[in-house]
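J.: sequence and predicted structure below; questions after.
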Amino acid sequence: MSKKYVDLETLKYILYDIHKLKDLLERERFEDHDIESLNLFIDAVKEFSDRELYPYFREMDKTPAYYKEGTVIVHEQVKTMMLQGGEMGVISASFDYEAGGLQMPFTALQAAVYIMDAANNNLPGYAGLTSGSAELIIEFGNKKLNEIYVPKMISGVWAGTMCLTEPQAGSSLSDITTKATPTEDGYYKISGQKIFISGGDHQHSENFVHLVLARINGAPKGTKGISLFVVPKNRPKADGTLVYNDVMTVADFQKMGQRGYCTTHLGFGDSDDCRGWLVGEAHKGLNQMFLMMNGARIAVGRGAAAITMAAYRASLQYANERPQGRKLTSTGKKNPSESPSLIIEHPDVRRMLLLQKSIAEGSLSLVLLASKYQDIITTSISKEEKEKYNLLLEMIIPIVKTFPSEAGAASVDNGLQVLGGYGFCTDFVLQQYYRDIRIFSLYEGTTGIQSQDLLGRKVTMQNGKGLALLAAEIMQTIHLASKEDDLKKYALVLVEKLKLSQKIVDHLMPFAAKGNYERYLADANLFMEYMSIVVLGWLWLEMAVDAKTALSNTDKRYSEDFYESKIHTMKFYFKYEVPKTNSLAESLMSDQVLTIKKDKEYIL
């Protein structure tokens, strides 16, 4: 298998030139890091991925995780991922020194883990969830919880999970019923079930530290009555030995994709001996979990972006190697005496490849932009700066999770089409990427949930301040692009799309003002798609502005072909993708209401 699953040159270009990681390194928290040391880390992750992740990618699909005798059996590389990932600092890289971390910029870490996702998307999630769970304990747990659990977790010896979803509640967290009964000994007895728990159990970790949302007896109804608990599979005794904590692995869900990344069903307290320890304040569990949620949604977008890139690289390689058909002559006929052309010479194949490139590289830029905002928030000493970037991050988080997942699936679909008949054959990898990425629009809140979050919460917060800040950021790039003759017309197009987005909001907002939220949010997914296209158009215009400037410099970091390819891809995106906003706007501002249930049922 070729190891060209990721474009490292483009990754570093977006990281360093577009999102200017060096500027973050001027902040006190990151003063021990420089570009050279971060490059060493990223290159080490690439070498690790080449050696320990990518060679097992297809094997893990063919021999998926499965349930057996009370546990889940996973591939042996899960142990390698956890232990060597812990040694490399992948689990703890962004944590404080005091917590055993490296105080590395979150942005640099996401760039590194993106490489691992592209190499083998079955594996990084095991370490990622452990990192997120440890982060919650560090942020909200008491000293004892930190001492007992965090060192084992960041070393990769113990795994961590996040347990939210229940069989009867799905994504509706206000309806969870897992109970927490206080005892006189300082712990709570936990009882209930959780489903779809990624990395919830397997044979390669000594222990699993579950971060569980549950209701303390007598707690208020709804989300205000939810608390967060540390519930280990095996509880540590004073002497360091482990005793079973009545956490039962009921089953493992068999998935269409990411078959090497186990997804478990857990039961808590069947024998009335499951103990949990409260994390932070009672009834604040959902707010605490949201610390991890933004990171988790960035991670979903990152994983989808990485799969999109890996699929693009695979279909590009195929297109450069596969001869088939002949180019049309000036008479409109093919010359049978000529040798067959490589399929990359055919315009329709080139269209599909450029679509893949535009979505793959645009998604990567989007993920790193959100990561940069997170770093600015974490390190800000200015109240005004922190508020600004909090609002900007809140605005784009639903898009970061959704666009790489939804557009990425369309991109991989086109990649599969490039291969023709071989695309659906298991001898070729595109069908696996297609199955893998389809799950990402469901992880961490479905597209429908993210769309309602964007239009229902983020657009309306602080009377539209977040949307105004985002528009101002986009206008800065438009202003720069307007100075370039070759880019001016694309800047004008983006201005019109921004104006049209405001017109859409003005059309919809009266429904919310009258309390008709069902009508206001009925087409939220269309608004998500509209804003996603606008944001990606902005990011591509930003890349084109940078590339145009670089081409005029004598000292170029990359080749002329490299920069010109970015400008060409921007033009492609504006020709083929940006016009889709017109039909979306027409639907969003239509007076017809066809999806809200009325007295008469039309779905028969």
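T.: That came in fine, so what should we check first? Numbers count the residues shown, from 1 in each chain.

J.: okay, now the unreliable bits of the protein?
T.: Within the chain, the stretches with pLDDT under 70 are 1-3, 170, 328-335, 337.

J.: any chance you could map the strands in it?
T.: Along the chain, counting by DSSP state E, strands occupy 66-68, 71-73, 158-163, 179-182, 188-198, 207-216, 226-232, 234-236, 242-244, 247-252, 263-268, 275-278.

J.: ok, now which ones touch residue 162?
T.: Listed by C-beta atoms under 8 Å, 6 or more residues apart in numbering, the contact set of residue 162 reads 129, 132-133, 197-198, 210-211, 289, 292, 296. In this view, the C-beta of every residue, glycine as well, is placed from N, C-alpha and C.

J.: between those residues, which has the most around it?
T.: Within those, most neighbours by other C-beta atoms under 10 Å means residue 211, with 28 neighbours.

J.: skipping adjacent residues, who's closest to residue 580 in space?
T.: Of all residues not flanking residue 580 in the chain, residue 533 sits nearest, at 6.1 Å (C-beta to C-beta, 6 or more residues apart in numbering).

J.: so what's the residue count around that neighbour?
T.: 21.

J.: before we move on, what about residue 386?
T.: Counted with other C-beta under 10 Å, residues neighbouring residue 386 total 15.

J.: same check, this time on residue 217
T.: Residues near residue 217, counting by other C-beta under 10 Å: 10.

J.: how close does the closest residue to it other than its chain neighbours get to residue 410?
T.: Using C-beta to C-beta, 6+ apart and skipping residues adjacent in sequence, the residue nearest residue 217 is residue 181, 5.5 Å away. Distance from residue 181 to residue 410, counting by C-beta to C-beta, to the nearest Å: 48 Å.

J.: ok, residue 525 next?
T.: 14 Å.

J.: same check on residue 342?
T.: Taking C-beta to C-beta as the measure, residue 342 and residue 410 are separated by 24 Å.

J.: likewise residue 319?
T.: Where residue 410 is concerned, residue 319 sits at a distance of 18 Å (C-beta to C-beta).

J.: then residue 271?
T.: Noted for residue 271: a distance of 48 Å to residue 410, by C-beta to C-beta.

J.: who has more neighbours, the two?
T.: residue 410 (14 against 8).

J.: the more buried one touches residue 360, doesn't it?
T.: No: using C-beta atoms under 8 Å, residue 410 is not in contact with residue 360, being 11.5 Å away.

J.: what count of nearby residues applies to the closest residue to residue 230 other than its chain neighbours?
T.: The shortest distance from residue 230 to any non-neighbouring residue, by C-beta to C-beta, 6+ apart, is to residue 277 (4.8 Å). When neighbours are counted by other C-beta under 10 Å, residue 277 registers 21.

J.: who's in contact with residue 277?
T.: Counting by C-beta under 8 Å, 6+ apart, residue 277 touches 145, 186-188, 229-231.

J.: filter the residues you listed to the buried ones?
T.: Neighbour counting by 16 or more other C-beta atoms under 10 Å classes 145, 187-188, 229-231 among the contacts of residue 277 as buried.

J.: let me have those residues in CSV, extended by distance to residue 69.
T.: Shown next, in CSV, are these (distance: C-beta to C-beta, whole Å):
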residue, distance to residue 69
145, 31
187, 28
188, 29
229, 27
230, 26
231, 22
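
J.: residue contacts, the closest residue to residue 57 other than its chain neighbours?
T.: Among residues not flanking residue 57 along the chain, residue 120 sits closest, at 4.2 Å (C-beta to C-beta, 6+ apart). Counting by C-beta under 8 Å, 6+ apart, residue 120 makes contact with 49, 53-54, 56-57, 60, 77, 260.

J.: ditto for residue 4
T.: Each residue near residue 4 by C-beta under 8 Å, 6+ apart is listed here: 313, 317.

J.: swap in 6 Å and give it another go.
T.: residue 313 (C-beta atoms under 6 Å, 6 or more residues apart in numbering).

J.: distance check, it against residue 443.
T.: The gap separating residue 4 from residue 443 is 27 Å, by C-beta to C-beta.

J.: residue 264 and residue 197 touch, don't they?
T.: Yes: Residue 264 sits in contact with residue 197 when judged by C-beta atoms under 6 Å, with a separation of 4.7 Å.

J.: what's in contact with stretch 309-320?
T.: 4-6, 118, 343-344, 349, 353, 356, 360, 412, 415, 418-419, 429, 433.

J.: give me the buried positions along it.
T.: Buried, per 16+ other C-beta under 10 Å, within stretch 309-320: 309-316, 318-319.

J.: dump the residues you listed to CSV, plus distance to residue 28.
T.: CSV is the format used below for these (distance: C-beta to C-beta, whole Å):
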residue, distance to residue 28
309, 33
310, 36
311, 40
312, 38
313, 38
314, 42
315, 44
316, 42
318, 48
319, 48
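
J.: out of those, who's nearest residue 84?
T.: residue 310 (20.9 Å; C-beta to C-beta).

J.: separation between that closest one and residue 529?
T.: On the measure of C-beta to C-beta, residue 310 and residue 529 end up 24 Å apart.

J.: same check on residue 365?
T.: Residue 365 is 18 Å from residue 529, by C-beta to C-beta.

J.: again, but for residue 200
T.: Relative to residue 529, and taking C-beta to C-beta, residue 200 is found at 33 Å.

J.: compare those two (neighbour count), which wins?
T.: residue 200 (27 against 23).

J.: hang on, isn't that one packed against residue 161?
T.: Yes: Residue 200 lies in contact with residue 161 (C-beta under 6 Å); the separation is 5.3 Å.

J.: all helices for the stretch 301-450 of the chain, in order.
T.: For the stretch 301-450 of the chain, the helices defined by DSSP state H, counting those that start in this stretch occupy 347-379, 383-418, 430-438, 447-452.

J.: any chance of those helices in JSON lines, plus distance to residue 578?
T.: JSON lines is the format used below for these (distance: least, C-beta to C-beta, whole Å):
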{"stretch": "helix 347-379", "distance to residue 578": "11"}
{"stretch": "helix 383-418", "distance to residue 578": "13"}
{"stretch": "helix 430-438", "distance to residue 578": "23"}
{"stretch": "helix 447-452", "distance to residue 578": "20"}
